[in-house]
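**Student:** here is a sequence together with a model predicted from it:
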Amino acid sequence: MRLRISSAPGDKLAAQAALLAGYLSEENHFATETTLADGGDIHLALTLPPRPLAAKLKAAGFADEAYRLTVTPEQILLEAASPDGVARGIQSLRQLLSGQRARLFVAGMVVDDAPALGWRGLHLDVSRHFRDVADVKRFIDLAAYHKFNLFHWHLTDDQGWRLPVEGYPRLMEVAAWRDATMIGHNSTSSKNPTDGIPHGGAYTADEIREVVAYAAMRGVHILPEVDVPGHVQALVTAYPEFGNTGGRPGVREGWGISDNTLNLEPATFVFLEKVVATLADLFPFHYLHFGGDEAKVGEWAASPRIQEQKRELGLASDHDVQDYFTARLHELTRARGRAMIGWDEIIEHGQPPVDTAVMLWRDSTINQHHLDVKALRAGNPLVLANHSQTYFDAYQETGAGIDFEPLAIGGGLPVEKVYGWRPLTDYPAELREGVLGAQAQLWAEYIPTRRHLDYMTYPRACALAQVLWTGDAREAWDAFDERLGGHLTRLDRLGVAYRPRQPKT
Ligand code: TNX
């Protein structure tokens with residue numbers, strides 16, 4: 001017998017019915033047919049009244065994601081106010097059906113569900129270690145499985161450039177490849193050998209479009225990042241004319257922060273305009289990310305040309321050079337009908353325009369200056385990427401337990417700590433609406449393989465998903481932990497190489 005999945009008319013709904021059919025076929029070995037006529041065994045419909053959404057989320061293109069799942073003997077009815085709500089309900093159903101074969105069983109129930117936070121993201125750094133399209137799609141599908149709605153694609157950095165830009169072929173020929181990769185931890189770098197193995201890769205424009213469509217089908221926005229004016233060693237190796245020294249530094253083989261920054265020459269801004277145009281063409285999401293993190297001022301301070309341009313432009317300090325980049329990128333993105341987002345450095349010394357969003361990461365170091373509150377008070381939308389709670393490149397253990405873990409950047413962020421986060425409690429109620437949401441970061445210096453990426457991401461992403469979806473009303477850790485055991489069985493079925501739970505002592 002074939003299962004009938006019906007959907008009310010609408011291109012997106014029909015495609016979502018096909019997506020669900022695909023899951024049922026792959027994961028449950030169940031034959032289905034999809035139809036636009038009413039009355040399928042599973043029916044998808046946009047019949048819920050939309051709930052009002054915070055203005056800043058709406059402006060960013062987020063939709064009401066509430067859904068209702070009604071299971072009766074006759075039918076499984078999935079209702080939502082938007083296709084994004086349908087996308088979340090599909091994943092709930094996929095989880096409910098996990099492991100079932102031949103006969104499908106879902107208990108009678110009504111689920112009324114909606115997220116606490118709007119922006120629920122997972123970030124992936126594909127510069128330090130390249131991940132191919134299949135790996136990226138899998139990362140996105142697993143994110144969607146946990147009801148994340150945003151994938152932050154960190155496309156460029158010192159160690160490799162992964163985005164094609166028309167007219168700049170050396171990005172693909174030179175900046176996308178490094179000759180070797182450092183072995184071991186960066187903190188011992190002066191002694192570290194390299195592996196002698198070339199590493200790199202890049203996406204084609206068509207591949208990027210394919211990934212964007214894949215994510216859109218799952219109700220996942222993609223935020224692309226091109227990191228400037230620092231983190232540009234790979235770029236400057238391909239195009240030394242964008243740098244300050246005229247030299248070719250070589251695509252970086254080790255980790256840590258490079259001295260390389262962009263210069264202020266017209267050709268550099270012609271290039272950046274082309275980058276903005278490329279991103280705006282490939283990615284529909286409202287925000288485009290232009291990094292801004294860890295731009296060292298040393299090269300600017302040492303460059304007579306930059307000092308001369310500073311005088312011409314009326315820039316007082318070398319930090320103002322960074323703010324000048326922010327201002328120019330703001331203009332370029334706005335000219336394409338988009339808005340800029342950057343790491344919290346963009347608001348440290350200056351005040352970016354109010355439509356520019358800030359991604360807070362230095363919560364436990366520089367944030368004694370309250371960059372988050374500064375952003376919120378000024379009306380800049382804020383996304384939380386707190387180092388202490390969301391940097392999934394950290395060890396999942398603390399103390400001596402680290403010795404039993406694969407090499408990571410530092411420690412430690414156990415899953416319990418992720419689960420214990422209360423992202424909004426630090427902010428006075430009147431500022432909370434300015435917080436779009438939060439996301440976890442998978443910086444990949446020490447994450448060389450797909451398996452290792454699974455290990456670092458899960459189960460911490462399960463815990464963060466719960467924090468962001470359920471909010472402060474969520475159950476206590478012990479109750480979650482118990483259910484997590486069952487959920488990990490689902491991840492086993494999907495072949496996810498998550499970090500196994502440690503026996504309770
Ligand atoms: C800081 S977070 C960086 C990244 C590194 C990360 C490692 C940020 C905006 N910059 O370049 O990969 O630390 O944890």
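**Tutor:** All right, it came through fine.

**Student:** check contacts around Phe325.
**Tutor:** Residues in contact with Phe325 (C-beta atoms under 8 Å, 6 or more residues apart in numbering) are Val228, Pro229, Leu262, Phe290, Gly292, Ala295. Yep, even glycine has a C-beta here, placed from its N, CA and C like the rest.

**Student:** distance of Gly298 from the ligand?
**Tutor:** Distance of Gly298 to the ligand, computed by C-beta to the nearest ligand atom, to the nearest Å: 17 Å.

**Student:** related to what we said a few turns ago, who wins for most neighbours among the contacts of Phe325?
**Tutor:** In terms of neighbours by other C-beta atoms under 10 Å, these top out with Gly292 at 30 neighbours.

**Student:** check contacts around that one.
**Tutor:** Applying C-beta under 8 Å, 6+ apart to Gly292 gives the contacts Asp227, Val228, Pro229, Gly230, Gln322, Phe325, Thr326, Gly342, Trp343, Glu345, Ile346.

**Student:** and the pLDDT for the third one?
**Tutor:** Residue-level confidence at Pro229 comes out at 98, pLDDT.

**Student:** can you name the residues that contact the closest residue in space to it that isn't next to it in sequence?
**Tutor:** Using C-beta to C-beta, 6 or more residues apart in numbering and skipping the chain neighbours, the partner closest in space to Pro229 is Leu262 (4.2 Å). Applying C-beta under 8 Å, 6+ apart, we find Leu262 in contact with Val228, Pro229, Val232, Leu235, Val236, Phe242, Gly243, Asn244, Thr268, Phe325.

**Student:** in the stretch 351-500 of the chain, which residue sits nearest the ligand?
**Tutor:** Trp443 (3.4 Å; C-beta to the nearest ligand atom).

**Student:** and that residue, what does it touch?
**Tutor:** Asp125, Arg128, His154, Tyr391, Asp393, Ile409.

**Student:** and the closest residue to the last one other than its chain neighbours, what are its phi and psi?
**Tutor:** Meaning Ile409. Closest residue in space to Ile409, ignoring its immediate chain neighbours: Asp393 at 4.8 Å, by C-beta to C-beta, 6+ apart. With angles defined as degrees, to the nearest 10, Asp393 sits at phi -90, psi 0.

**Student:** enumerate every residue touching Asp393.
**Tutor:** With C-beta under 8 Å, 6+ apart, Asp393 has these contacts: Ala408, Ile409, Gln441, Leu442, Trp443, Ala444, Glu445, Tyr446, Ile447, Met456.

**Student:** now Gly342
**Tutor:** Here Gly342 is in contact with His289, Phe290, Gly291, Gly292, Asp293, Thr326, Leu329, Pro352, Thr356, Ala357, Val358, Met359 (criterion: C-beta under 8 Å, 6+ apart).

**Student:** tell me the backbone dihedrals of His154, please.
**Tutor:** Torsion angles at His154 (phi, psi; degrees, to the nearest 10) stand at phi -80, psi 100.

**Student:** one more: Thr35?
**Tutor:** Backbone torsions for Thr35, taken as degrees, to the nearest 10, come to phi -150, psi 150.

**Student:** also the one 10 residues further on?
**Tutor:** Note on Ala45: its backbone torsions stand at phi -150, psi 150 [degrees, to the nearest 10].

**Student:** which parts of stretch 451-469 are buried?
**Tutor:** Neighbour counts using 16 or more other C-beta atoms under 10 Å place 452-469 of stretch 451-469 among the buried residues.

**Student:** then stretch 350-359?
**Tutor:** Within stretch 350-359, the residues scored as buried using 16+ other C-beta under 10 Å are Pro352, Asp355, Thr356, Ala357, Val358, Met359.

**Student:** now for the second one: which residues touch it?
**Tutor:** Spelled out, that is Asp355. Going by C-beta under 8 Å, 6+ apart, Asp355 touches His330, Arg334, Ala339, Met340, Asn380.

**Student:** over to it: give its phi and psi.
**Tutor:** phi -90, psi 0.

**Student:** what about the residue in the stretch 201-350 of the chain that the ligand sits nearest to, how many residues nearby?
**Tutor:** When scored by C-beta to the nearest ligand atom, the stretch 201-350 of the chain has Asp293 as its residue closest to the ligand, at 3.3 Å. Residues contacting Asp293 under the criterion other C-beta under 10 Å number 17.
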